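Asker: below is the structure, and that's it, no one-letter string:
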């Protein structure tokens, strides 16, 4: 007993002060825990954040656009959310808008979900129809931008606000003709309902319909960015380390979220990760620039599209939206 007490005291002396000195960071995801959040929990559980001198608390989110609001309010220091929402806020409130520092989704997950045997085969087929849309979600906020690119007359479309957890059911029951969804979420929701999303449904991506934009990544508050750059660099290094491990073995990400939320189906979450890796993360651009980076010219075009739709008087510069200074070396971000 005396030896055990002595060992405990030694451990506290060696570990305690370092842990106590770690910088506390509150991090919010974009939605309830899913396989696509596996790298964040893996980085925490394997001690990657702690190795960078960070004490990171991870909370579930309320929508990828809402992540920006949470960070701007000061309630959170960093989060996983939508770059386009940063652009919209930076145009009107540049001093408080978060900064994206690690882009995860190179391709946007925003999609129109429709039945394969229904009337919607392309985006413009939504004219005159009823569309279910989750309020506050980035996929809903960006729908007007899609409409302008895809030939959708918004005056003819009836938008029904639908909670995200019943979007697929509303479509199945015929309450709406199509739903605005995050494909990486909806695809697995359909499988969870015992349906075949590849055979019975059609995902019409915003990107393939003319809205070539980025989406979710890791953003930080202005305060963290400006006053604690070493913490931002450490946060990005830790997350990138976990991302690359999950890319190599998606089961690691699925296991990490399963450990956090035992009720999750690890096999289903691994499939969600596979879908995200192939549809959202892997692309010719990612293979060239590495995971986490963006093409600044493409980002500038995105800002221009959003300015046209939202009517910004002054558009933010691309460099004010994304800061590549914290990215690890390219060789550490290549698949």
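Answerer: Structure's in. What do you need? Since the model is a prediction, treat every value here as computed from it, not as a measurement.

Asker: from residue 31, how far out is the most centrally placed residue in the chain?
Answerer: Closest residue to the average C-alpha location of the chain: residue 216 at 3.3 Å, with C-alpha atoms, centre = their mean. Using C-beta to C-beta, to the nearest Å, residue 216 is found at 10 Å from residue 31. In short, each C-beta sits where N, CA and C put it, glycine included.

Asker: any common contacting residues for the two?
Answerer: When contacts are counted by C-beta atoms under 8 Å, 6 or more residues apart in numbering, the set common to residue 216 and residue 31 consists of residue 64.

Asker: burial of residue 115, as a residue count?
Answerer: Neighbour count for residue 115, taken as other C-beta atoms under 10 Å: 15.

Asker: actually, residue 286.
Answerer: Other residues lying near residue 286 total 22 when counted by other C-beta under 10 Å.

Asker: once you drop chain neighbours, what's closest to it?
Answerer: residue 106 (4.7 Å; C-beta to C-beta, 6 or more residues apart in numbering).

Asker: what about the helix or strand containing residue 49, distance to the chain center?
Answerer: For residue 49, the host element (DSSP states H and E) is helix 48-51. With C-alpha atoms, centre = their mean, to the nearest Å as the basis, the distance from the averaged C-alpha position of helix 48-51 to the chain average is 22 Å.

Asker: identify each buried residue in it, please.
Answerer: Residues 48-50 are the ones in helix 48-51 that count as buried (16 or more other C-beta atoms under 10 Å).

Asker: and stretch 242-255, by the same measure?
Answerer: By neighbour count on 16+ other C-beta under 10 Å, the buried set for stretch 242-255 is 242-247, 250-255.

Asker: same thing with stretch 280-291?
Answerer: In terms of neighbour count (16+ other C-beta under 10 Å), stretch 280-291 has its buried residues at 280-282, 285-286, 289-291.

Asker: stretch 151-165 now?
Answerer: Buried-residue list, stretch 151-165, by 16+ other C-beta under 10 Å: 152, 157, 162, 164.

Asker: and which of the residues you listed is nearest residue 205?
Answerer: Distance ranking of the buried residues of stretch 151-165 against residue 205, using C-beta to C-beta, places residue 152 first at 14.4 Å.

Asker: residues touching the spatially closest residue to the closest one that is not a sequence neighbour, list them.
Answerer: If the residues on either side of it in the chain are set aside, residue 152 comes closest to residue 126, at 5.3 Å by C-beta to C-beta, 6+ apart. Remark: with contacts taken as C-beta under 8 Å, 6+ apart, residue 126 is in contact with 112, 120, 152, 157, 177-178.

Asker: equivalent analysis for residue 285, please.
Answerer: Residue 285 makes contact with 106, 295, 298, according to C-beta under 8 Å, 6+ apart.

Asker: now the one helix or strand it maps to, how far from the chain's geometric center?
Answerer: Secondary-structure element containing residue 285, defined by DSSP H and E: helix 284-289. Averaged C-alpha coordinates place helix 284-289 at 18 Å from its chain's average position (C-alpha atoms, centre = their mean).

Asker: now the element after it, going C-ward?
Answerer: Elements were assigned by DSSP H and E; along the chain past helix 284-289, the next helix or strand is helix 296-310.

Asker: domains in the protein, as residue ranges please.
Answerer: Domain assignment for the chain, taken from automatic domain parsing, gives 2-107+214-332, 110-205.

Asker: those: lowest mean pLDDT?
Answerer: Out of the domains of the chain, the stretch the model trusts least by mean pLDDT is domain 2-107+214-332, with a mean of 91.

Asker: which of the three states applies to residue 254?
Answerer: Per DSSP: H, G, I helix; E, B strand; the rest coil, the local secondary structure of residue 254 is helix.

Asker: take the contacts of residue 126 and lay them out in TSV including secondary structure and distance to residue 210.
Answerer: Below are the contacts of residue 126 laid out as TSV (DSSP: H, G, I helix; E, B strand; the rest coil; distance: C-beta to C-beta, whole Å):
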residue	secondary structure	distance to residue 210
112	strand	12
120	coil	16
152	coil	10
157	coil	16
177	coil	20
178	strand	17
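
Asker: identify the farthest-apart pair in those.
Answerer: The widest separation within the contacts of residue 126, taken as C-beta to C-beta, falls between 152 and 177 and amounts to 12.7 Å.

Asker: need the strands for the protein, in chain order.
Answerer: Secondary structure of the chain (DSSP state E): strands located at 23-28, 54-59, 78-82, 99-103, 110-115, 130-133, 158-161, 178-182, 201-205, 216-220.
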